[in-house]
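# Got a sequence here, can you model it:
(2 chains)
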Amino acid sequence: AQSVTQLDSHVSVSEGTPVLLRCNYSSSYSPSLFWYVQHPNKGLQLLLKYTSAATLVKGINGFEAEFKKSETSFHLTKPSAHMSDAAEYFCVVSVNTGRRALTFGSGTRLQVQP
Amino acid sequence: GAGVSQSPSNKVTEKGKDVELRCDPISGHTALYWYRQSLGQGLEFLIYFQGNSAPDKSGLPSDRFSAERTGGSVSTLTIQRTQQEDSAVYLCASSYRTSGGLETQYFGPGTRLLVL
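Next comes the predicted model:
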């Protein structure tokens, strides 16, 4: 079985400052990890994914995440926040067996202040 | 190309009525998933279709929920005798399943269901 814990339900930053959204996972198998973003009244969009290649993963819109097996973490970062980054972010885990369904974290709402 | 589409985008129904939600996956995608996003439960897996194999229904919350996928393409999620706790956003995702690494699931915009 696998699970995901997003450590912050809400994060507020000022425009131009760094973003850190924290995620810890648990998995019985080697996991694949994803970050999805959901803007208000929009569908889920894939930001980036880790599938056992490079541990530092670069995604769209300047986001990146680092897989740390020893810490079972997959935190999402961005050097400089934009107003358009305000959205809900989901950390997601899956394994390459069976149905491969995604297990979602509870989400972190990112607010960007002008 | 076209992404995953879902219809209707919004559905309001009365308690006890049946509803049907439709998903059109990306052309050529062999795997199709239904998820539910609700305030109390977050995002949770409901059912999975892969090619002609029997679907994995292990996430369906009750026997009032069923789904089918015709011709390996369009899928319909049916909720019978709707209850207020069924109110949620129902999301469909599709992917091209390979024998290698984990593929990316692409999500539709969802159907927002409100049961009065």
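# residues in contact with the residue nearest to the spatial centre of chain A?
In chain A, the residue lying closest to the centroid (C-alpha atoms, centre = their mean) is residue A:35, at 3.3 Å. Applying C-beta atoms under 8 Å, 6 or more residues apart in numbering or on different chains, we find residue A:35 in contact with A:21, A:23, A:46-49, A:59, A:63, A:65, A:74, A:76, A:89-92. Bear in mind the C-beta positions are built from the backbone N, C-alpha and C, glycine included.
# any idea how far it is from residue B:114?
Look at residue A:35 and residue B:114: by C-beta to C-beta, to the nearest Å, they are 29 Å apart.
# Quick check: residues of chain A near chain B?
Within chain A, the positions near chain B by C-beta under 8 Å from any C-beta of the partner chain are A:32, A:34, A:36, A:42-46, A:49, A:51-52, A:90, A:94-96, A:98-107.
# shaky segments in chain B?
B:1, B:98-102 (pLDDT under 70).
# And the helices in chain A?
With DSSP state H as the definition, chain A shows no helices.
# Strands of that one, start to end?
A:2-6, A:10-14, A:19-21, A:23-27, A:31-38, A:44-50, A:56-58, A:64-68, A:73-78, A:87-95, A:103-104, A:108-113 (DSSP state E).
# Nearest spatial neighbour of residue A:48, chain-adjacent residues omitted?
Among residues not flanking residue A:48 along the chain, residue A:59 sits closest, at 2.8 Å (C-beta to C-beta, 6 or more residues apart in numbering or on different chains).
# Go ahead and flag the most central residue of chain B.
By C-alpha atoms, centre = their mean, chain B has its centre lying nearest to residue B:34, at 2.9 Å.
# wait, is that one part of a helix?
No. Assignment of residue B:34 by DSSP: H, G, I helix; E, B strand; the rest coil gives strand, placing it outside any helix.
# How about the contacts made by it?
Shown in contact with residue B:34 (C-beta under 8 Å, 6+ apart): B:23, B:45-48, B:67, B:75, B:77, B:90-92.
# Please list which of those are also close to chain A.
B:45, B:48, B:91.
# Could you identify which of the residues you listed has the most neighbours?
The most crowded member of these, judged by other C-beta atoms under 10 Å in any protein chain shown, is residue B:91 (25 neighbours).
# got the CA positions of the helix or strand hosting that residue in CSV?
Element membership of residue B:91, judged by DSSP states H and E, is strand B:88-95. What follows is strand B:88-95, C-alpha atoms only, in CSV (Å, rounded to 0.1, in the frame of the first residue of the first chain):
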residue,chain,number,x,y,z
ALA,B,88,-18.6,15.7,-5.4
VAL,B,89,-16.5,16.4,-8.5
TYR,B,90,-16.1,13.2,-10.6
LEU,B,91,-12.9,13.1,-12.5
CYS,B,92,-11.9,10.9,-15.4
ALA,B,93,-8.3,10.2,-16.4
SER,B,94,-6.8,8.2,-19.2
SER,B,95,-3.3,7.0,-20.0
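# Output the contacting helices and strands for that strand.
For strand B:88-95, the packing partners by 3 or more C-beta pairs under 8 Å, 6 or more residues apart in numbering or on different chains; DSSP states H and E come out as strand B:5-7, strand B:19-24, strand B:31-38, strand B:75-79, strand B:106-107, strand B:111-115.
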